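Undergrad: I would like to see how this sequence folds:
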Amino acid sequence: MTHQILTSRLEIHPMHPEEWPDVREMFLDFETSPEAIYDYPLPTTEEKAKEQVKVWSDSGYFYSVCLKGGSEVIGYLCFCGEQLREMGYSFKKKYQGQGYAQEAAQEMIAQMKQMRVNRIIAELALENLPSRKLIERLGFTQIGTKKHLFRKETGVEQVCGIFEKKL
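TA: Down below sits the predicted model:
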């Protein structure tokens with residue numbers, strides 16, 4: 001999928017390496033959020049953020065989300081894999097709680113269905129309530145659990161739910 005996708009409020013396109021400053025802002029937002037304990041650390045230095053965005057854009061699995069008519073990346077989505085896709089997402093703090101993640105994810109799920117993807121998996125810490133509520137609104141069903149140690153320095157394992165959406 002190499003084209004731009006439009007929703008009523010958003011533009012979604014494959015991530016580009018030059019979008020690293022906006023993505024780094026999301027990394028910085030996330031690392032200072034209460035939800036940071038529920039995921040792996042993200043790179044916050046300019047150099048490491050540039051490297052990460054380059055890797056992600058080269059993979060073809062990461063999509064930038066912008067407001068329609070704008071150029072600022074307000075969030076991103078990831079759909080890794082081929083017939084089974086694993087979904088991930090992140091949005092800047094100032095754009096959270098406005099339905100943008102749900103709108104973008106719904107459209108991308110519709111795109112995956114057109115590409116004959118059979119199912120999508122999402123794994124997230126069960127205590128990460130904002131993310132869990134979103135995944136449930138998107139129609140995912142919990143099919144299992146497993147433990148992850150996202151932040152070695154804490155030594156705290158998180159119980160993660162494995163959620164599935166069949167297409």
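Undergrad: neighbours of residue 50, how many?
TA: For residue 50, the neighbour count with other C-beta atoms under 10 Å is 17. (Each C-beta comes from the backbone N, C-alpha and C, glycine too.)
Undergrad: repeat for the one 5 residues further on
TA: Under the neighbour criterion other C-beta under 10 Å, residue 55 is assigned a count of 11.
Undergrad: likewise residue 152?
TA: Residue 152 has 9 neighbours, counted by other C-beta under 10 Å.
Undergrad: name the surrounding residues that touch the helix or strand hosting residue 21.
TA: Following DSSP states H and E, one finds residue 21 within helix 20-31. Applying C-beta atoms under 8 Å, 6 or more residues apart in numbering, the contact partners of helix 20-31 are 15, 36, 39, 41-44, 46, 49-50, 52-54, 56, 64, 72-76, 90-93.
Undergrad: can you pull out the strands in this structure?
TA: Using DSSP state E, the strands found in the chain span residues 5-6, 10-14, 62-67, 73-80, 84-91, 119-125, 141-148, 158-166.
Undergrad: which of these comes out lowest on mean pLDDT?
TA: Among the strands of the chain, strand 84-91 has the lowest mean pLDDT, at a mean of 92.
Undergrad: which strands and helices sit next to it?
TA: Strand 84-91 is packed against helix 20-31, strand 73-80, helix 100-114, strand 119-125, with contacts defined by 3 or more C-beta pairs under 8 Å, 6 or more residues apart in numbering; DSSP states H and E.
Undergrad: and for it, what's in contact with it?
TA: Here strand 84-91 has contacts from 26, 30, 65, 74-80, 100-101, 104-105, 108-109, 112, 117-123, 134, using C-beta under 8 Å, 6+ apart.
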